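# no FASTA, just this:
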Ligand SMILES: Cc1cc2nc3c(=O)[nH]c(=O)nc-3n(C[C@H](O)[C@H](O)[C@H](O)COP(=O)(O)OP(=O)(O)OC[C@H]3O[C@@H](n4cnc5c(N)ncnc54)[C@H](O)[C@@H]3O)c2cc1C
Ligand code: SF4
């Protein structure tokens, strides 16, 4: 009789782990690999690769200490074992394998690979559900199937009732499901901003950093790597967030500032997405902080909504709509992503600041992703696939199931409005209100036309005019079209002219 082989992917590093629960350490083996194809299918950030490889090596070490036989392939640029299929194929040749056991992956392309292994390697393949999520995919399907329109807010309420987070009996704590209206304060230097807990690399992480540095062509800066790479570290990072930032998370959730890359955000997404934390333990910690009086309700509710609302919702949409979802281009965009998205080399201060933080940290917070880099790509009309590839590459927390709906749906409105009933399009005025970027910019945020005018402004009006037919009937956009109608013909012409000039000169702005 042969063995069972449990494949653990780099974003499935949680204990207890469904694959380990299904296997027997006495007779079965675990399989893990640092695969060159996985490092290069997009131009990933160096810190993202270092995070995943280091967390994998720590997981493997832990598994061995717990009695597992782990076949672990370290990164080797010359190795012919470059993909999951290569890795599994090699293991099948080395061992007498009857069955491969693997948890449902985070990316459609990996699922497709897995589905071919039965016939390719002559083994049984068992796909286990990913137990880390609050909402199983079947439950999402059941909820979505009953509806004409999928709205996160209704899904979120169902998750609140299901989990009991912030519930007083059957009613939402504080009498309301959503306190977003309190979460739009501008940060003006007080209270002092927080930073995520920083972890000095241990010997394992140091050796990964050396490998990435020497052998992998990656985006961004590797220096200063300080991400949590074990479950124990991720739990300390969570406790640190609760202690040092959570109280102000809600108030300044939408704020941006040149003085702080983080303000009061948690930087827990990468730990959540690779399995070092579970959404339930994170929300339990937040609820506890609120009940202990250490976190106001607007902050606790805002945070929990992101985790059991948005995070679970986008996952449901991804698996419901793939594979066709990735190709949607509802607004018919065709332009290329400007080169400065990679270099940060632009005079537009908001973009420069956000891309610079991205290059340094493999991180930008939600409003920077949505209203700066995302908004600009939307207004410019960049082809969604190129925008998605960029987001998938540059952030440490980026995996297809979560990145794609956020980018293609929420930012690019390319899915016809599943992720938002109206596009998140805004002029420079929004960025000026929520940040101090415009004060240090060579462009004038109050101007729409002319050489020095903020490029967002003309692009914004041009976007509305170009997509009038589609968006005008939307009641939430009526007011914007009233503004367009109040413009004289001459003004509209000037705006369109400035927009086309911005597009023509995009790389030199
Ligand atoms: C264009 C775009 C692309 C994005 N790509 C990703 C991605 O690849 N991976 C990713 O995890 N998040 C993504 N997000 C969502 C969000 O920006 C990040 O989760 C967040 O910035 C991570 O930082 P944080 O941990 O400090 O989050 P916090 O602001 O502290 O929020 C707490 C947690 O809520 C969850 N969360 C918040 N918003 C979302 C959301 N919209 N979707 C899913 N989870 C959310 C995250 O797990 C996060 O850790 C994207 C958003 C946009 C607009
Ligand atoms: S003026 Fe325009 S380009 Fe400059 S920082 Fe403000 S919004 Fe960005």
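Everything's here; your move. Since the model is a prediction, treat every value here as computed from it, not as a measurement. Residues are numbered from 1 along each chain as shown. Ligands and ions are numbered 1, 2, ... in the order given.
# Only C-alpha atoms from now on, for both contacts and neighbour counts.
Noted.
# Could you list the residues of the protein in contact with ligand 1?
265-269, 303, 306-307, 310-311, 365-366, 369-370, 374, 391-392, 397-399, 402-403, 406-407, 411 (Cα under 6 Å from any ligand atom).
# Around ligand 2, pick out the residues from the stretch 301-450 of the chain.
Residues of the stretch 301-450 of the chain lying near ligand 2 (Cα under 6 Å from any ligand atom): 348, 349, 350, 428, 431, 432, 437, 438, 441, 443, 444, 445.
# Which helix or strand contains the fifth one?
Read it as residue 431. helix 428-434 (DSSP states H and E).
# residues near the spatially closest residue to residue 201 that is not a sequence neighbour, how many?
Take residue 201 and drop its neighbours on the chain: the residue closest to it by Cα to Cα, 6 or more residues apart in numbering is residue 226, 6.6 Å away. Neighbour count of residue 226, defined by other Cα atoms under 10 Å: 17.
# per-residue pLDDT, residue 226?
Predicted confidence (pLDDT) for residue 226: 98.
# tell me the domain boundaries of the chain?
Under the assignment automatic domain parsing, the domains of the chain span 3-128, 137-194+245-321, 340-508.
# Just put those in TSV and tack on mean pLDDT.
TSV is the format used below for the domains of the chain (pLDDT from 0 to 100):
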stretch	mean pLDDT
domain 3-128	97
domain 137-194+245-321	97
domain 340-508	97
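# In a markdown table: these, plus mean neighbour count and distance to residue 214.
Listed next are these as a markdown table, based on neighbours: other Cα atoms under 10 Å; distance: least, Cα to Cα, whole Å:
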| stretch | mean neighbour count | distance to residue 214 |
| --- | --- | --- |
| domain 3-128 | 18 | 10 |
| domain 137-194+245-321 | 18 | 24 |
| domain 340-508 | 20 | 18 |
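# can you tell which of those is closest to residue 216?
For residue 216, the closest of the domains of the chain is domain 3-128, at 7.7 Å, according to Cα to Cα.
# what's stretch 486-499 in contact with?
448, 449, 450, 455, 458, 459, 461, 462, 484 (Cα atoms under 8 Å, 6 or more residues apart in numbering).
# The second one and ligand 1, how far apart?
It refers to residue 449. Look at residue 449 and ligand 1: by Cα to the nearest ligand atom, to the nearest Å, they are 28 Å apart.
# if we can go back for a sec, residue contacts, the residue nearest to residue 201?
Per Cα under 8 Å, 6+ apart, neighbours of residue 226: 198, 199, 200, 201.
# A strand includes it, no?
No. With DSSP: H, G, I helix; E, B strand; the rest coil as the criterion, residue 226 is located in coil rather than a strand.
# Out of the contacts of stretch 486-499, which comes closest to ligand 2?
Within the contacts of stretch 486-499, the smallest distance to ligand 2 is 5.9 Å, found for residue 455 (Cα to the nearest ligand atom).
# secondary structure class for the residue nearest to the closest one when sequence neighbours are not counted?
Nearest residue to residue 455 in three dimensions, chain neighbours excluded: residue 502, at 6.4 Å (Cα to Cα, 6+ apart). Assigned by three-state DSSP, the conformation of residue 502 is helix.
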